[in-house]
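# Give the three-dimensional model of this entry:
(2 chains)
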Amino acid sequence: MKNEVIVCKDVSKRFETERGVVDVIDKVDLTVEENELVVLFGPGQCGKTTLINVMAGLETATGGEVTVSGKKVEKPGPDRGVVYQTTALFPWLTVMGNVEYGPKSRGISKKERRERAQYYIDLVGLQGFENSFPSKLSGGMKQRVGIARAYCNEPVVMFMDEPFGHLDAQTRYLMQEELMRIWEKEKRTIVFVTNNIEEALYLADRIVVMTNCPTTVKTEYKIDLPRPRDYVAPEFLHLREEISAVVDKTL
Amino acid sequence: MGRFNDASKAQKSICAALAIAAFILLWFFATNGTNLGVVLAGPVEVFRKFFVSFVQPLGTHTIPGHILWSLSRVMVGFLAGSALGIVLGVTMGWYRIIDAIFRPIYEMIRPIPPIAWIPLAILWFGLGEVTKYFLIFLAAFGNVTMNAYAGVKSVDPVLIGAAKMLGASDRRVFTSIVLPACVPHIFAGLQIALGSAWATVVAAEMVRSSEGVGWVIITGQDTNNSVQILVGIIAVGAIGYLLAILMRGIEAKLCAWSERGK
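Residues are numbered from 1 along each chain as shown, chains lettered A, B, ... in the order given. As a prediction, this is how the structure comes out:
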C-alpha cells in the first residue's frame, strides 16, 4: 500500500462577506500519495487557490479537515512549502537570502543552511545570481528562486499555485521542463494548480478536474504517459481533447 | 547601461547649472535695470556679503556658525521626533490595541502646525533651547509617524504568509518582513520631516534667539537690511537642499533592493 501524505476529508470553505455568504469549496475529498505530482485542473476563479491555501494552512477550512503526514493542518508551517502565483519573493533579500530564509527561520546553522541553499540555487540553475536582488531578475528567474526557496526548507509537500501563469509562453514551456528535471532529481509530493490543460498534461501523475465555484472534484485522470512528454504525441492530444471536453466552461 | 546613465547624469547637471545661472542673471538685470533694485538687493551684493560673512561675523557668529547652531537644533529635535515617530508609527500599524489607544490622539494633534505651539511652548519651556527642540520635535514626529504607520499597513499579506509558511515565528515576521518593508515609507517620511524641521527652526529662531539662520533673517528685518535677509534665505535654501541630497544618499544605500532606491 502506498503512503498517503495529504488527506482532505469533506473540506469546505465558506466566506462570509458584507455582501453575503459565498461557498467556494464544497466537500472536497482528495488524497495525495508520497512523491506524487497531482495537478488540480479547473476553470479560472473556481476556488483552486483557496483549496491550496486551505491545504497549506494559510486559510482555515469551514468544514471537514486536512491532514499532512497524519497531522491536522491548522496554521502555516514549514512542513508544507508554497510556490506562489505572483513571485512573493522578499524584495529586500538577495537570491541567497530568500532561499536560506526557511532554514534560517528554523535556526539552522549558517554553514549548513548556506550549503543547502547553494545546492538548491545550483539545482534551479541560478549559480552566479546569489547576490542579486529579485528586482534585477526576469520573471522566469524569479520563479526559479521561488522553487528553490520552497525546496530549501525540505518540506514534506509542496503546493504550487499557477507558478508559471504570469510567464510568457516560451518561458512557460522552459519552466515546465525545468520543473520536471528538478522533480525527477529531487522527488517531492507536489500539488500543482493550473488552468492550462497542456501544462497539466505535461506535468501530472494524476489530474484532478475541479468544477466551477463552489468547487469540488469532478473527475480524475491517471496520466501514465512516459516522461519527458511530447506536447504533440497522439496520446497527449487525445487526452487533451478528452479532458478539455469535461471541464466546466466559464466566461 | 552605465554609459547611458553617466551621459544623462551629465546632461542633468548641465541643465541644473544653466537654470541657476539664468535665474541669477535675471535677478541681476531686474535689480540693476529697473526700480526693483530699491526693494531688493542684487545678487552681486548678496553673494559678496554671504561669502564675507564666512570670516566676518554677523552679530556673534559667522555664517557657518549660524548654520551650525540651526543645524544642531534641527538634529536634536529631528532625531528625537523621528525615533519616537518610527516607534509609534510601526507599533500602531502592527498592534491593534496600540492603534486603538493612540491613533485618535495622534490624529487630533497631527493637523496642528508646529508653529501654532510657539506661545504654549514658551510658556512651558521658556525662551531657551528646549522650546526650539520641542517645536522641531513636533514637526518631525508628525510626519514620520504617519509614514511609518502607512508603511506597516501596506506590507503585502502574501509576503507575511510566505514567511510563516517557511517557518518564521511572529517575532521574525515582524523583524524580517514588516520592518524592512517599511523602510522606504519611513524614508519618505524622514525626508518630509527634515524639510519641515528645517522650516520650523527658522520660525523658532525668528521668535527669539541670538544666533542661527532665523536670527540672521529677523535681524535683517529689524535693521532694514535686505542684503542680510537674503544672505539668511540663501543659507536656509542651500542647507535644506544639501540635507535632502544627503538623505537620498542614505536611502539609496539602505534601499538598494527597491525600485525607488536605485
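
# Please make it C-alpha for all contacts and neighbour counts, starting now.
Will do.

# How about the residues of chain A by chain B?
Within chain A, the positions adjacent to chain B are A:56, A:58, A:76-78, A:80-82, A:88-93, A:101-103, A:105-106, A:133-135, A:150, A:153 by C-alpha under 8 Å from any C-alpha of the partner chain.

# which stretch of helix or strand covers A:V21?
strand A:20-33 (DSSP states H and E).

# who does that strand touch, helix- and strand-wise?
The contact analysis (3 or more C-alpha pairs under 8 Å, 6 or more residues apart in numbering or on different chains; DSSP states H and E) places strand A:20-33 against strand A:4-17, helix A:48-56.

# coming back round to it: among the residues of chain A next to chain B, which ones are buried?
By neighbour count, with 16 or more other C-alpha atoms under 10 Å in any protein chain shown, the residues of chain A next to chain B hold A:56, A:58, A:76-78, A:80-82, A:88-93, A:101-103, A:105, A:133-135, A:150, A:153 as buried.

# Quick one: mark the members of those residues that sit in helices.
A:56, A:101-103, A:105, A:150 (DSSP state H).

# tell me which of those is nearest to A:T171?
Nearest to A:T171 out of those is A:A150 (C-alpha to C-alpha; 20.1 Å).

# Please list all residues in contact with the closest residue to the closest one other than its chain neighbours.
In this structure, A:A150 finds its nearest non-sequential neighbour in A:G81, 5.0 Å apart by C-alpha to C-alpha, 6 or more residues apart in numbering or on different chains. By C-alpha atoms under 8 Å, 6 or more residues apart in numbering or on different chains, the contact set of A:G81 is A:56, A:150-151, A:153, A:155-159, B:165-166.

# Any chance of a markdown table for these, columns pLDDT and distance to A:F129?
Listed next are the contacts of A:G81 as a markdown table, based on pLDDT from 0 to 100; distance: C-alpha to C-alpha, whole Å:
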| residue | pLDDT | distance to A:F129 |
| --- | --- | --- |
| A:A56 | 94 | 29 |
| A:A150 | 94 | 17 |
| A:Y151 | 93 | 17 |
| A:N153 | 92 | 19 |
| A:P155 | 94 | 24 |
| A:V156 | 92 | 27 |
| A:V157 | 95 | 27 |
| A:M158 | 95 | 24 |
| A:F159 | 96 | 25 |
| B:M165 | 94 | 24 |
| B:L166 | 95 | 22 |
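
# Which members of these are positioned in strands?
If you go by DSSP state E, those have A:157-159 in strands.

# give me the number of residues near residue 41?
Picking chain A for this. 27 (other C-alpha atoms under 10 Å in any protein chain shown).

# not quite, I wanted chain B
20.

# ok, and the closest non-adjacent residue to it?
B:V227 is the one closest to B:A41 (C-alpha to C-alpha, 6+ apart), at 5.7 Å.

# Mind putting the ones in helices among the buried ones among the residues of chain A next to chain B into JSON lines with distance to A:Y173?
JSON lines is the format used below for these (distance: C-alpha to C-alpha, whole Å):
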{"residue": "A:A56", "distance to A:Y173": "26"}
{"residue": "A:Y101", "distance to A:Y173": "28"}
{"residue": "A:G102", "distance to A:Y173": "28"}
{"residue": "A:P103", "distance to A:Y173": "30"}
{"residue": "A:S105", "distance to A:Y173": "33"}
{"residue": "A:A150", "distance to A:Y173": "21"}
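
# Which single one of those residues is nearest to A:M141?
Using C-alpha to C-alpha, A:A150 comes nearest to A:M141 of those, at 14.3 Å.

# In the stretch 151-251 of chain A, which residue sits nearest chain B?
A:N153 (6.9 Å; C-alpha to the nearest C-alpha).

# list the contacts for the residue nearest to that residue when sequence neighbours are not counted?
Beyond its immediate neighbours in the sequence, the residue positioned closest to A:N153 (C-alpha to C-alpha, 6+ apart) is A:G102, lying 5.3 Å away. Listed by C-alpha under 8 Å, 6+ apart, the contact set of A:G102 reads A:78, A:149, A:152-153, B:163, B:166-168.

# Try it again at 7 Å.
A:G102 makes contact with A:153, B:166-167, according to C-alpha atoms under 7 Å, 6 or more residues apart in numbering or on different chains.

# ok, now A:R188?
A:35, A:157.

# Read off the pLDDT value for it.
Looking at A:R188, its pLDDT reads 92.

# What's the separation between it and A:M158?
Using C-alpha to C-alpha, to the nearest Å, we find A:R188 at a distance of 7 Å from A:M158.

# Equivalent analysis for B:V178, please.
25 Å.

# for A:G146, same thing?
11 Å.

# which one of these two has more residues nearby?
With neighbours defined as other C-alpha under 10 Å, A:G146 and A:M158 compare such that A:G146 has more, 28 against 23.

# Give me the helices and strands touching the helix or strand hosting the more buried one, please.
Using DSSP H and E, A:G146 sits in helix A:139-152. Counting contacts by 3 or more C-alpha pairs under 7 Å, 6 or more residues apart in numbering or on different chains; DSSP states H and E, helix A:139-152 packs against strand A:80-83, helix A:95-99, helix A:110-123.
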